[in-house]
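Peer 1: predicted model, plus sequence, below.
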Amino acid sequence: MTQPEYVPITPADRIRPVLRLPAPRRWKPDRPAEIRGGIHPSGARMGTPGPDQGYALTLVERFAGRLVLSEGERFGDAVAGCLGVALRRASLFDRAPVIHDWEVAFAVWGFLGGAPDDLVAYRRPLFQAAAHDYWAQRAISDRVPEATLRLAPAQITARLTDWRRLIDAEPAPAAPGTSRPLLER
């Protein structure tokens, strides 16, 4: 209950003191790394921003045990390599990631099953230790063109026999003495 106005009290004793805040100053993009002009820079290995991208890491838990991995491939490397593909697809549609983004990313690289042997042989050196190599992750995501990202997961699965049309399948140069691709830094 409020204090009656006819009772004399000091301003410090008021039950609900009113604090008047000054009007905020005008905002300017003057902080370091601020994007000016409203357009995010784009290009190879620049990434694609989108809303709530961290939610993709929650969604990927649903694929534990569903991925078809060949000898020497690890779940963590497949997730790290396909994360950029899933996030590119989500930001292409100006939305947060959904489960279908992961399905497209895994289907393009044949991790959902039915991958031809030559696709498995092609992806193995690309995804090897991708969980520990940011530039390998960027290279994997940059190999999937926008036209492929716009397809539904079922369309990609149906076209997996002709997988070279789904990705930019130029041969990756190998580092001397290894089968690991030499990625440009």
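Peer 2: Perfect, I can see it now. Residues are numbered from 1 along each chain as shown.

Peer 1: what's around residue 136, how many residues?
Peer 2: With neighbours defined by other Cβ atoms under 10 Å, the count for residue 136 comes to 22. Bear in mind the C-beta positions are built from the backbone N, C-alpha and C, glycine included.

Peer 1: next, it: secondary structure please.
Peer 2: Following DSSP: H, G, I helix; E, B strand; the rest coil, we place residue 136 in the helix state.

Peer 1: and the closest residue in space to it that isn't next to it in sequence, what's its pLDDT?
Peer 2: Distance criterion Cβ to Cβ, 6 or more residues apart in numbering; nearest residue to residue 136, sequence neighbours excluded, is residue 130 at 4.6 Å. On the pLDDT scale, residue 130 is placed at 94.

Peer 1: so for the chain, the centremost residue is which one?
Peer 2: Nearest to the mean C-alpha position of the chain, counting by Cα atoms, centre = their mean, stands residue 87 at 3.0 Å.

Peer 1: so that one sits in a helix?
Peer 2: Yes. Assessed by three-state DSSP, residue 87 belongs to a helix.

Peer 1: and the closest residue to it other than its chain neighbours, how many neighbours does it have?
Peer 2: Using Cβ to Cβ, 6+ apart and skipping residues adjacent in sequence, the residue nearest residue 87 is residue 53, 5.3 Å away. For residue 53, the tally of surrounding residues (other Cβ under 10 Å) stands at 17.

Peer 1: what do you get for the one 4 residues further on?
Peer 2: Using other Cβ under 10 Å, the number of residues around residue 57 comes to 11.

Peer 1: okay, and residue 42 sits in which element?
Peer 2: For residue 42, there is no host helix or strand (DSSP states H and E).

Peer 1: per-residue confidence for it?
Peer 2: With respect to pLDDT, residue 42 scores 74.

Peer 1: likewise residue 2?
Peer 2: For residue 2, pLDDT reads 69.

Peer 1: which helices and strands sit right next to the worst-scoring helix or strand of the chain on mean pLDDT?
Peer 2: Counting by mean pLDDT, DSSP states H and E, the chain has its least confident helix or strand at helix 134-142, which shows a mean of 91. Here helix 134-142 touches helix 75-92, helix 117-127, going by 3 or more Cβ pairs under 8 Å, 6 or more residues apart in numbering; DSSP states H and E.

Peer 1: can I get the CA coordinates of it in CSV?
Peer 2: These are the backbone C-alpha positions of helix 134-142, laid out as CSV (Å, rounded to 0.1, in the frame of the first residue of the first chain):
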residue,chain,number,x,y,z
TYR,A,134,39.2,-25.2,-38.8
TRP,A,135,40.5,-24.8,-42.3
ALA,A,136,39.6,-28.3,-43.2
GLN,A,137,36.1,-27.6,-42.0
ARG,A,138,35.9,-24.5,-44.1
ALA,A,139,37.2,-26.4,-47.2
ILE,A,140,34.5,-29.1,-46.7
SER,A,141,31.7,-26.6,-46.4
ASP,A,142,33.0,-24.5,-49.4
